[in-house]
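Trainee: Next come a sequence and a model predicted from it.
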2 protein chains.
Amino acid sequence: MAAGRRSGRRPGKQDTRDQILSAARLAFAQHGYGGTTVRSVAASAGVDAALVYHYFGTKEKLFVAMMDAPIDPRQYVDTIVDGPVDRLAERILRTALEVWDSPAGPAAMALVRSSIAHERSARLLREFLLERAMRPIVESVETDPEMAQWRANLVGAQLIGLVTMRYLLALEPLASATPERVVELVAPNLQRYLTGELRTEARTLNT
Amino acid sequence: MAAGRRSGRRPGKQDTRDQILSAARLAFAQHGYGGTTVRSVAASAGVDAALVYHYFGTKEKLFVAMMDAPIDPRQYVDTIVDGPVDRLAERILRTALEVWDSPAGPAAMALVRSSIAHERSARLLREFLLERAMRPIVESVETDPEMAQWRANLVGAQLIGLVTMRYLLALEPLASATPERVVELVAPNLQRYLTGELRTEARTLNT
């Protein structure tokens, strides 16, 4: 034991940081992501907005910290978007499986589990995943805003279902399958949601 | 108020029924669906096995009652399976959306929500959905037992994801879409998981 050594953060600073986080939790829960400003969080924490920026950088980063999320999906977006469009689904799946199979996986699972159990947390998780991950990825391949929303919904549904089956319910053989096998099975479906001709098919089926 | 009228069930009978349900809850939680017998539930409830059959009919029905499930997915299986194989996904989706959009929907959602929040309940929900709904449907189109398991996993993932997005997280535009629109968008993907050449594609991607 290194006697006399102090841990990284000084108690006083930690208190301020926690005050801001508490205020953020309340604000995001009451007004959602869109309705919350750094200024309003700072005001209810009784600190200057500059201090919030100092500790957390941006509203998005404050939100990630408030969610106690083990990872920030945004950091993977650039890598996923960069590459051939017809293999976008493969890159999404590879990245998602890498994150969920990593040490951060169980913590992310705990967050999803507790968020799903509570209506208010579910709403925040929804905004978190949509704004931070789905929307930027889908908008890289779909210019029509209405279709982009549909695609984001469908891609999200496929990914949430996959994560639920493989990690939360731990169903076999999916739970023990190699990432490569999962990509092979799921990528064609995910790719249709990303770049498939959803409108044409819908019209054909309607008539 | 109809004074003097009694409610349908006599208190004594209700008590016995409740005793059996409590014993069933414990047994299913400890030993899972496969490891629980009507005989063992009867024994720990301190009643004759015949009484369990009298109240609940079968082990399956006891399980459904114990889960407090608003609907029994098994009752829809025959209707879903009956029809052209290449439109199986359409029939699954139509039926699922009908149930979730019905008055039983919110109760089913509450069951899923609370089950997902707790590891032990999640395990029971998994057995419930797999044994009662997925397996019999998939086995109607897939004779290879290993492939049937894969298909059940993937179909389950798609359906769970869809239900989560549309009902639990209530994402737009999916939450307000007509059942017809949802079927158009999702059925082609679900059909691939049910009857698509998953093995061939996997081999192609591997080399």
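Mentor: Perfect, thanks for sending it. This is a predicted model, so every value here is computed, not measured.
Trainee: Sticking with the residue in chain A positioned nearest to chain B, tell me its helix or strand.
Mentor: Residue nearest to chain B within chain A: residue A:161 (2.6 Å; Cβ to the nearest Cβ). Every C-beta, even on glycine, is put in place using the N, C-alpha and C of the backbone. Assigned by DSSP states H and E, residue A:161 belongs to helix A:145-163.
Trainee: List of residues touching the next helix or strand after that helix?
Mentor: Sequence order places helix A:179-195 as the next helix or strand after helix A:145-163, per DSSP H and E. With contacts defined as Cβ atoms under 8 Å, 6 or more residues apart in numbering or on different chains, helix A:179-195 is touched by A:85-90, A:92-94, A:97-98, A:101, A:138, A:141-142, A:151, A:154-155, A:158-159, A:162, A:166, A:174, A:177, A:198, B:150, B:154, B:157-158, B:188-189, B:192-193, B:198, B:201-202, B:205-206.
Trainee: Ok, stretch A:58-77 next?
Mentor: For stretch A:58-77, the surrounding residues in contact (Cβ under 8 Å, 6+ apart) are A:20-21, A:24-25, A:28, A:33, A:36-38, A:41, A:52, A:56, A:95, A:99, A:104, A:107-108, A:111, A:124-125, A:128-129, A:131-133, A:136-137.
Trainee: do that again at 6 Å, thanks
Mentor: Applying Cβ atoms under 6 Å, 6 or more residues apart in numbering or on different chains, the contact partners of stretch A:58-77 are A:21, A:24-25, A:28, A:38, A:56, A:95, A:99, A:104, A:107-108, A:128, A:132-133, A:136.
Trainee: List only buried entries from the residues you listed.
Mentor: Neighbour-count burial within the contacts of stretch A:58-77 applies to A:21, A:24, A:28, A:38, A:56, A:95, A:99, A:108, A:128, A:132, A:133, A:136; the criterion is 16 or more other Cβ atoms under 10 Å in any protein chain shown.
Trainee: okay, the residue positioned nearest the centre of chain A: pLDDT?
Mentor: Of all residues in chain A, the one closest to the mean position by Cα atoms, centre = their mean is residue A:129, 3.4 Å from it. Note on residue A:129: pLDDT of 76.
Trainee: What of residue A:101?
Mentor: Note for residue A:101: predicted pLDDT of 87.
Trainee: got it, and residue A:52?
Mentor: As predicted, residue A:52 sits at a pLDDT of 95.
Trainee: Kindly report the same for residue A:71.
Mentor: pLDDT, residue A:71: 70.
Trainee: For it, which three-state class applies?
Mentor: coil (DSSP: H, G, I helix; E, B strand; the rest coil).
Trainee: So what's the residue count around it?
Mentor: Residue A:71: 16 surrounding residues under other Cβ atoms under 10 Å in any protein chain shown.
Trainee: now swap in residue A:196 and tell me
Mentor: Every residue meeting other Cβ under 10 Å relative to residue A:196 is counted, giving 18.
Trainee: how about residue A:72, phi and psi?
Mentor: Per-residue torsions, residue A:72: phi -110, psi 110 (degrees, to the nearest 10).
Trainee: No further queries at this time; thank you.
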